[in-house]
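[1] Only the shape, not the letters, is given here:
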């Protein structure tokens with residue numbers, strides 16, 4: 001008996017050893033380099049977490065670090081804390097770049113290896129104070145207003161709760177009098193959090209971070225499936241999208257509701273496209289299968305379409321721009337049904353009706369109604385340099401001042417923003433018809449539209465870039481796109497925001513940048529031979545072997561392009 005147990009243990013150990021070799025296409029040197037890269041990025045997020053104790057968006061009252069000697073030390077040396085936060089962010093971004101060696105090559109790391117890396121990088125930030133933004137305190141105040149029976153779309157935190165309320169004190173001054181610009185689903189979730197945590201800021205912030213993790217989980221679930229649908233490698237899409245430093249820094253560390261919006265939108269798009277694909281797989285009559293199986297097959301496309309549309313409509317009840325996904329799913333469905341005007345009206349009308357019904361149910365069940373539609377322009381008071389119309393108006397206004405014509409920035413701003421919105425409408429219409437005619441994949445159309453929306457939107461925050469990056473990561477494979485995305489990620493993620501959205505003196509920022517640069521250069525010198533700053537030894541030979549194996553394999557002819565078929569009209 002003992003001999004059998006030892007034999008079984010030996011077999012299990014051998015299986016685990018073989019699994020590491022067979023399960024991952026990376027060689028031993030690459031696996032070791034991957035592990036060191038993973039630890040290097042995790043060290044960066046740990047340094048960010050420690051720095052956030054000093055320059056993070058800590059609450060004005062109920063600060064758990066107040067009076068604790070070790071935890072309260074970073075707040076007394078803010079320049080050092082700012083340096084630590086910047087250094088940690090740069091370390092994590094550099095680790096992400098090195099991770100790309102194992103995500104974009106001929107031989108990629110496995111999905112489990114990337115999942116473990118992302119989890120290890122996110123874990124330290126779960127206990128960190130909010131970073132780069134104080135928006136989470138606005139979430140708490142607006143949800144508290146709703147739970148008190150007031151309308152958060154009419155009153156702001158100062159009016160609804162009072163200036164001395166524990167939540168209002170942590171809200172930035174410019175947002176204390178403004179109503180909520182978020183959808184009723186998000187505030188409904190916030191009401192549930194407030195009902196559980198009361199006025200405990202730390203518990204409420206942690207609960208909102210759990211909501212963010214739910215959204216990130218949906219992103220991680222949906223992105224590889226959408227990538228597979230578009231013919232893109234899953235690991236490549238996850239690396240560029242879900243593992244993007246912007247997501248880790250702003251959605252997880254910053255606690256923004258974009259995580260929930262994007263997660264619901266992408267998951268809904270995946271379910272809806274399953275229904276679109278299944279709508280052409282119905283068996284022709286006469287059917288030989290049992291009646292139960294036939295009924296299930298005929299209900300499956302409708303179930304997937306309704307589920308996906310409901311999820312997308314729910315995402316729009318967090319933030320409205322995600323509703324664009326319904327249009328691209330509807331055009332993909334109409335294309336499957338033949339691309340005729342009848343198919344266009346039937347697909348567009350049915351999915352629009354489902355979306356409106358979901359919005360009505362959420363507004364009625366939450367008791368918040370449709371007041372959020374009148375507060376969507378609340379954030380327009382911010383003049384963001386990342387918005388092209390806003391940047392153009394600010395530049396034009398400065399030119400007018402220099403020429404002695406006066407300051408007409410506000411008037412020009414209204415004009416440029418209106419032009420930007422008009423251009424967005426034209427681009428959306430054009431891309432929708434491209435999907436209807438079968439010339440563009442709906443995931444690609446959605447990503448391009450969201451990218452143009454971010455570029456031409458009146459107000460753009462650094463994390464808005466993820467609206468476009470994540471869908472496009474599942475569709476675009478050209479090196480130019482990936483290079484641009486990497487450059488935008490590094491510039492926006494590292495140099496765009498300050499450590500917590502508060503204003504530091506110019507001297508503090510310059511000193512932190514110089515110190516961070518010297519520290520990062522020192523780290524690179526110390527780890528030059530241990531981390532994959534260069535090509536990992538042996539990878540070139542393995543790439544040549546992989547290319548030779550691909551060339552030796554017989555290639556199957558590509559499947560026929562099914563854009564429009566008579567079968568689609570049989571199953572509207």
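    Structure's in. What do you need? Please read these numbers as outputs of a predicted model, since none were measured by experiment.
[2] mind checking pLDDT for residue 212?
    Per-residue pLDDT puts residue 212 at 94.
[3] wait, what's in contact with it?
    Contact partners of residue 212, counting by C-beta atoms under 8 Å, 6 or more residues apart in numbering, are 251, 252, 255, 256, 257, 259, 260. Bear in mind the C-beta positions are built from the backbone N, C-alpha and C, glycine included.
[4] how about a cut-off of 7 Å?
    For residue 212, the contact set (C-beta atoms under 7 Å, 6 or more residues apart in numbering) comprises 251, 252, 255, 259.
[5] Show me where the stretch 351-500 of the chain has its strands.
    Taking DSSP state E, counting those that start in this stretch as the criterion, the stretch 351-500 of the chain contains no strands.
[6] shaky segments in it?
    In the predicted model, the stretch 351-500 of the chain carries pLDDT under 70 at residues 379-383, 407, 495-500.
[7] let's see it at 90
    366-422, 438, 454-465, 476-500 (pLDDT under 90).
[8] Would you map the helices across it?
    Residue ranges of the helices in the stretch 351-500 of the chain, as given by DSSP state H, counting those that start in this stretch, are 388-402, 409-436, 442-456, 465-473, 479-490.
[9] for the stretch 151-300 of the chain, same thing?
    Using DSSP H, counting those that start in this stretch, helices in the stretch 151-300 of the chain cover 157-161, 184-197, 201-230, 234-240, 245-246, 258-278, 291-316.
[10] so which of those helices gets nearest residue 45?
    Each of the helices of the stretch 151-300 of the chain has some distance to residue 45 by C-beta to C-beta; the shortest is helix 245-246, at 9.9 Å.
[11] helices or strands up against the closest one?
    Helices and strands touching helix 245-246, by 3 or more C-beta pairs under 7 Å, 6 or more residues apart in numbering; DSSP states H and E, are helix 78-99.
[12] what about 10 Å?
    Counting contacts by 3 or more C-beta pairs under 10 Å, 6 or more residues apart in numbering; DSSP states H and E, helix 245-246 packs against helix 28-55, helix 78-99, helix 465-473, helix 479-490.
[13] most packed of these?
    Neighbour counts (mean count of other C-beta atoms under 10 Å) averaged over each of the helices and strands packed on helix 245-246 peak at helix 465-473, with a mean of 26.
[14] tilt between it and helix 442-456?
    Using axes from the mean of the first three to the mean of the last three C-alpha atoms, to 10 degrees, the inter-axis angle of helix 465-473 relative to helix 442-456 is 150 degrees.
[15] which helices and strands does helix 465-473 pack with?
    Here helix 465-473 touches helix 201-230, helix 234-240, helix 245-246, helix 258-278, helix 324-336, helix 442-456, helix 479-490, going by 3+ C-beta pairs under 10 Å, 6+ apart.
[16] a markdown table for the ones you listed, including distance to residue 348?
    Below are the helices and strands packed on helix 465-473 laid out as a markdown table (distance: least, C-beta to C-beta, whole Å):
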| stretch | distance to residue 348 |
| --- | --- |
| helix 201-230 | 21 |
| helix 234-240 | 28 |
| helix 245-246 | 33 |
| helix 258-278 | 13 |
| helix 324-336 | 5 |
| helix 442-456 | 13 |
| helix 479-490 | 29 |
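[17] quick one: which of those is nearest residue 342?
    Closest to residue 342 of these, according to C-beta to C-beta: helix 324-336, at 9.0 Å.
[18] ok, back up a step: the helices of the stretch 151-300 of the chain into a markdown table, with extra columns for distance to residue 345?
    Below are the helices of the stretch 151-300 of the chain laid out as a markdown table (distance: least, C-beta to C-beta, whole Å):
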| stretch | distance to residue 345 |
| --- | --- |
| helix 157-161 | 44 |
| helix 184-197 | 29 |
| helix 201-230 | 26 |
| helix 234-240 | 34 |
| helix 245-246 | 39 |
| helix 258-278 | 17 |
| helix 291-316 | 16 |
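[19] looking at the ones you listed, which is closest to residue 444?
    helix 201-230 (7.1 Å).
[20] quick one on the thing from earlier: quick one: closest of the helices of the stretch 351-500 of the chain to residue 39.
    Across those, residue 39 has its closest neighbour in helix 479-490 (21.1 Å, C-beta to C-beta).
[21] rewinding a little: the helices and strands packed on helix 465-473: which one's closest to residue 57?
    Here helix 201-230 is closest among the helices and strands packed on helix 465-473 (C-beta to C-beta), at 9.5 Å.
[22] Pull out the buried positions in the closest one.
    Using 16 or more other C-beta atoms under 10 Å as the test for burial, helix 201-230 gives 201, 204-205, 207-209, 211-213, 215-216, 218-220, 222-227, 229-230.
[23] wait, residue 223 sits on residue 265?
    No - using C-beta atoms under 10 Å, residue 223 makes no contact with residue 265, being 11.5 Å away.
[24] so what sits against both of the two?
    Any residue near both residue 223 and residue 265 by C-beta atoms under 10 Å, 6 or more residues apart in numbering counts here, and that gives 470, 471.
[25] just to revisit the earlier point, now, of the helices of the stretch 351-500 of the chain, which is deepest in the fold?
    Across those, averaging neighbours per residue (mean count of other C-beta under 10 Å) puts helix 465-473 on top, at a mean of 26.
[26] how far is that helix from where the chain is centred?
    Centroid separation for helix 465-473 versus its chain: 7 Å, with C-alpha atoms, centre = their mean, to the nearest Å.
[27] centroid residue for this protein?
    residue 466 (4.8 Å; C-alpha atoms, centre = their mean).
[28] ok, residue 169 - contacts?
    With contact taken as C-beta under 10 Å, 6+ apart, residue 169 is in contact with 59, 60, 61, 62, 137, 141, 157, 161, 162, 163, 176, 201.
[29] Need those in JSON lines (columns: distance to residue 31).
    Output for the contacts of residue 169, formatted as JSON lines (distance: C-beta to C-beta, whole Å):
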{"residue": "59", "distance to residue 31": "43"}
{"residue": "60", "distance to residue 31": "47"}
{"residue": "61", "distance to residue 31": "48"}
{"residue": "62", "distance to residue 31": "45"}
{"residue": "137", "distance to residue 31": "43"}
{"residue": "141", "distance to residue 31": "48"}
{"residue": "157", "distance to residue 31": "51"}
{"residue": "161", "distance to residue 31": "54"}
{"residue": "162", "distance to residue 31": "58"}
{"residue": "163", "distance to residue 31": "57"}
{"residue": "176", "distance to residue 31": "52"}
{"residue": "201", "distance to residue 31": "43"}
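[30] List only buried entries from these.
    Those of the contacts of residue 169 that meet the buried threshold are 59, 62, 137, 141, 157, 161, 176, 201, by 16+ other C-beta under 10 Å.
[31] show me the contacts for residue 203.
    By C-beta under 10 Å, 6+ apart, residue 203 lies in contact with 62, 193, 196, 197.
[32] quick one: which of the residues you listed is nearest residue 510?
    Closest to residue 510, out of all of the contacts of residue 203 and judged by C-beta to C-beta, is residue 62, at 33.2 Å.
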